[in-house]
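1. curious how this folds, go ahead:
(chains A and B)
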Amino acid sequence: MNDEKLYQFNEIEPKWQKFWRDKRLFNVDTRNYKDKYYCLMMFPYPSAALHVGHGRNYIIGDVVARYKMMRGFNVLSPMGFDAFGLPAENAAIKGGMHPKTSTLNNISTMKRQLNQWGVEYDWDREVISCLPDYYKWTQWIFLKLYEKGLAYKKKAFVNWCPSCKTVLANEQVVNGGCERCGTEVTQKDLEQWFFRITHYAERLLKDLNKLSEWPERVKTMQANWIGKSEGVEIDFEIEGMKERLKCFTTRIDTIYGATFIALAPEHVLADKLMEGNKDKGRLLEIIKKMRDESRVSRSQEDVEKEGIFTGRFVINPVNGKKIPIWIANYILMEYGTGAIMAVPAHDTRDFEFAKKYDLPIEVVIDNPDSPLKAGTMKEAYVGEGVMVNSAQFNGMDSKESVVKIAEFFEEKKFGKRCVQYKLRDWLISRQRYWGAPIPIIYCPKCGIVGVPEKDLPVLLPDNVEFRPTGESPLKYAKDFVNTKCPECKGAATREIETMDTFVDSSWYFLRYITPKLNDRPFDTDLVNKWLPVDQYIGGIEHAILHLLYSRFITKFLHDIEVIGFDEPFRNLFTQGMIIKDGAKMSKSKGNVVSPDGLIKDYGADTVRLYTLFIGPPEKDAEWSDRGAEGAYRFLGRVWRLVEKGQAAKFMGQEKTNISKEEEGLRRKTHQTIKKVTEDLDGGFHFNTAISSIMELVNEVYDVIGSSSRGHGSADNSPVLTEAVESIVILLSPFVPHIAEEMWQRMGKQNSIFKCPWPSYEKSFLLEKVIILPVQVNGKLRTRIEIDAGIKEDELKKIVLSDPKVLAWTKDKNIKDFIIVPKKLVNIVI
RNA sequence: GCCGAAGUGGUGGAAUGGCAUACACGAUGGUCUCAAAAACCAUUAAGCGCAAGCUUGUGUGGGUUCGACUCCCACCUUCGGCACCA
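-> Now for the predicted structure:
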């Protein structure tokens, strides 16, 4: 990098950053909600330093906010910090600072970085989730859920990360490992707090349809995660026992082919079924082994199917046949009823199991394309077909029989239709220090008591030793633990566990509207005016976690009537990652690109422009420092255009007639305004918007270049003025500092962001003479210059008399002559 | 295995039925300079040709169409999500 700069970005950028802040350009009075536009970026965890990959999120958001501002919206763009969490605590354990200190330090570093990017927010609304004025209301939400029976405590096998020494929600287990550190997750039998998100499963699924402006893949991922299945719960009679056995199936059409029943090893009836069995002792031993093994390895693939016969049978209600009951390791207790009817002929897993243990296979749905024979089947036939061996349903289409047999079951009271979801309740307690305390008190007399609202917040004590013991460190903070029961005033103890940080982040977008309120979490009326969020921007990694939790909490707050909407984010944009050397940027890989050096060498506007130009923002993109230099060169080119032209020189006089060249430039200017506007309104097509501005800049240079060679006089031309002004305005959301500087140098008074976005004139877009491609049999052969308004028969005459066309068409029979108006012609011979 | 996204020059990408490779990066040659940097100009998909030009070309194979990167069918590869969910 040479010392000579293409322009003085190091002076320009801080100057305008200060100017925008002094003018309070991004500060909003939320009481004024006319033409409101709520633009929100996912608030970050305060880590030590940001890299250019993080920058993409904030830069995109800043472009949207500035653009909407210029379109006349009252834009709210706030920022905050998701400040509770493990990394700060882990650092403290290693002997560093208190998590609170390091977190607040990191926040100020991040704010400095955001500032130097020229990314502006309404900082008066800053929300920091680890501060008591915020987590007081996180606790309040917990208590509301508790009041409604939607927060509850239960003993259960839960996911445990041995490295983080805490439990994890199902959503936080990725490929059997901890979402944060990757350590293989084990199971622990613990009493834990859950939020009853399953209560909202149907609405969370159904309302995805309302989210027309969300990326399809995010909605698909959520729908798969919720995992709805409709089927029938069959109520089986167990031979010789008064207990009944319930099995859930989505394939009731295969009921006549059920040849065994399989139970999860954890099933409540598993032990009881063995009673009276000679082999009881040995069998119970095997079941116990299955339970232990399956819990550890169930997340791993290709576990060999194992099972044992219990000696008992159920009666198939449709035909009275006895069906043996097995216990099998491939049945999950958590899903359905923990028991299935197994149909080996039509289910891959049951087929595998039946083959291993030599259980009968009975075909009840025939493949219309190639008839099935139970004895020779190599794999289960899972498709649709014609019903066979199914009594009165024979000959029926299997799809139709799903409905018919379900109706038959309900009529005969053999079972009932029901719906199952894969979604499980959200485990929210954590055995770690740096989180919001769960506002619960245990009283020996009154039991579990919620902390009264007037006693909130339950403050997280500062002086705590962070021993990673697997139990919350708060256990050793005696002053914290020992308290009085709010009901009987007797001695009592506090809940020592803290909340999952995803609880903190599931409602922060509501707090920004009235961030300073201390008697309520937010002002209902104003929140109802400003939300749902008009544009939410963040990473795809939150497709399920944060976005599902936020939707759940929003629906809950809607149901208790403290907000009037039940979906938080109207538009969602998920940006792609920035990759370096083929991998995600990370310290351990040593491929982190820091913005600091780049900003020092080229300025923030260059980093912004390149980040936006690198490719479609929803896709991953490979970072190249060379590419960033190209963006810098472009800004230099624009700068010289304004400076060399002495800016004011472009403020030309009205001219009555303009040259052909100027007319072309004017057309290009208006086409560019159209293109950029459509690219920003129709999606986030920053890369193509920028390239079209580059084209306009190139054209201006062409026009200036040719006029200086004496071919015309574009200097002092209003057309040129318009072109240059348009370039500056169209660029301003992307590169705000240089645009603001050029704007002022062009003699403008107000901030460029107070200036209305330009509009284009339709009549200027049209060309009088066009160059029309001519194809022969679909192959391009020549181009002909014609008048735009030419009539079809005249065009045909011109085309067919063209010598190049004649070379291809002579001696040939012309079958067809296709004219696509103003686009092309195709001659078929 | 299931669901989803994608596959275009040396590279990032553009074009969603009508001129494939816009815009940029890189490369090569040139102008300016004592020199360098910057800037500017030219060339840059492949093959054939002195040239005009011709042929081929958007993962593979088919199809629809006057015309296909774009639509349909089958397949291959890569990435992401889910995964013994009954």
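2. so what's the spatially most central residue of chain A scoring on pLDDT?
-> In chain A, the residue lying closest to the centroid (CA atoms, centre = their mean) is A:A543, at 3.3 Å. Per-residue pLDDT puts A:A543 at 85.
3. hmm, it is touching A:Q222, no?
-> Yes. Look at A:A543 against A:Q222 with CB atoms under 8 Å: they come within range, at 7.0 Å. In this view, the C-beta of every residue, glycine as well, is placed from N, C-alpha and C.
4. ok, the residue nearest to the centre of chain A - contacts?
-> A:A543 sits next to A:R217, A:V218, A:M221, A:Q222, A:T574 when contact means CB atoms under 8 Å, 6 or more residues apart in numbering.
5. burial measure for the last one, as a count.
-> Taking other CB atoms under 10 Å as the neighbour definition, A:T574 ends up with a count of 21.
6. so what's it closest to, chain neighbours aside?
-> Among residues not flanking A:T574 along the chain, A:I540 sits closest, at 4.3 Å (CB to CB, 6 or more residues apart in numbering).
7. go on, the first one?
-> Computed as CB to CB, 6+ apart, the closest residue to A:R217 that is not its neighbour in sequence is A:A543, at 7.4 Å.
8. and what of the second one?
-> Spatial nearest neighbour of A:V218, chain neighbours left out: A:A543 (4.6 Å); criterion: CB to CB, 6+ apart.
9. residues of the stretch 651-800 of chain A that sit close to RNA strand B?
-> Residues of the stretch 651-800 of chain A lying near RNA strand B by CB under 7 Å from any atom of the strand: A:685, A:687-688, A:690-691, A:694-695, A:698, A:701, A:705, A:771, A:773, A:775, A:777-781, A:783.
10. filter these down to the ones in strands?
-> Using DSSP state E, the members of these that fall within strands are A:I771, A:P773, A:Q775, A:K779, A:L780, A:R781, A:R783.
11. residues contacting the first one?
-> So the one you mean is A:I771. Here A:I771 is in contact with A:R783, A:I784, A:E785, A:I786 (criterion: CB under 8 Å, 6+ apart).
12. same list (those residues) but as CSV, adding distance to A:D350 and pLDDT.
-> Putting the contacts of A:I771 into CSV (distance: CB to CB, whole Å; pLDDT from 0 to 100) gives the following:
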residue, distance to A:D350, pLDDT
A:R783, 67, 80
A:I784, 70, 79
A:E785, 73, 78
A:I786, 71, 79
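13. now the buried members of those.
-> Buried by 16 or more other CB atoms under 10 Å: A:I784, A:I786, out of the contacts of A:I771.
14. for A:H51, state which of the contacts of A:I771 is nearest.
-> Comparing the contacts of A:I771 against A:H51 with CB to CB picks out A:R783 as the nearest, at 48.0 Å.
15. show me the contacts for the residue of the stretch 501-650 of chain A found nearest RNA strand B.
-> Using CB to the nearest atom of the strand, A:G630 is the residue of the stretch 501-650 of chain A that sits closest to RNA strand B, at 2.5 Å. Applying CB under 8 Å, 6+ apart to A:G630 gives the contacts A:Y610.
16. buried ones in the helix or strand where it lies?
-> Assessed by DSSP states H and E, A:G630 sits inside helix A:625-644. By 16+ other CB under 10 Å, the buried positions in helix A:625-644 come out as A:A628, A:E629, A:A631, A:Y632, A:F634, A:L635, A:G636, A:V638, A:W639, A:L641, A:V642.
17. also stretch A:401-415?
-> Buried residues in stretch A:401-415 (16+ other CB under 10 Å): A:S401, A:V402, A:K404, A:I405, A:A406, A:F408, A:F409, A:F414, A:G415.
18. what about the helix or strand that A:K404 is a member of, distance to the chain center?
-> Using DSSP H and E, A:K404 sits within helix A:398-412. Relative to its chain's centre, helix A:398-412 lies at 39 Å (CA atoms, centre = their mean, to the nearest Å).
19. need the CA coordinates for the helix holding A:G630. CSV is fine.
-> What follows is helix A:625-644, C-alpha atoms only, in CSV (Å, rounded to 0.1, in the frame of the first residue of the first chain):
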residue,chain,number,x,y,z
ASP,A,625,-8.0,-8.6,-0.6
ARG,A,626,-7.5,-7.9,-4.3
GLY,A,627,-11.2,-7.6,-4.8
ALA,A,628,-11.3,-5.0,-2.0
GLU,A,629,-8.5,-3.0,-3.9
GLY,A,630,-10.8,-3.0,-6.9
ALA,A,631,-13.5,-1.4,-4.9
TYR,A,632,-11.0,1.2,-3.7
ARG,A,633,-10.0,2.0,-7.3
PHE,A,634,-13.6,2.4,-8.2
LEU,A,635,-14.2,4.9,-5.4
GLY,A,636,-11.1,6.8,-6.6
ARG,A,637,-12.6,6.9,-10.1
VAL,A,638,-15.9,8.4,-8.8
TRP,A,639,-14.0,10.8,-6.6
ARG,A,640,-12.0,12.1,-9.5
LEU,A,641,-15.1,12.5,-11.5
VAL,A,642,-16.5,14.9,-9.0
GLU,A,643,-13.2,16.6,-8.1
LYS,A,644,-11.7,16.9,-11.6
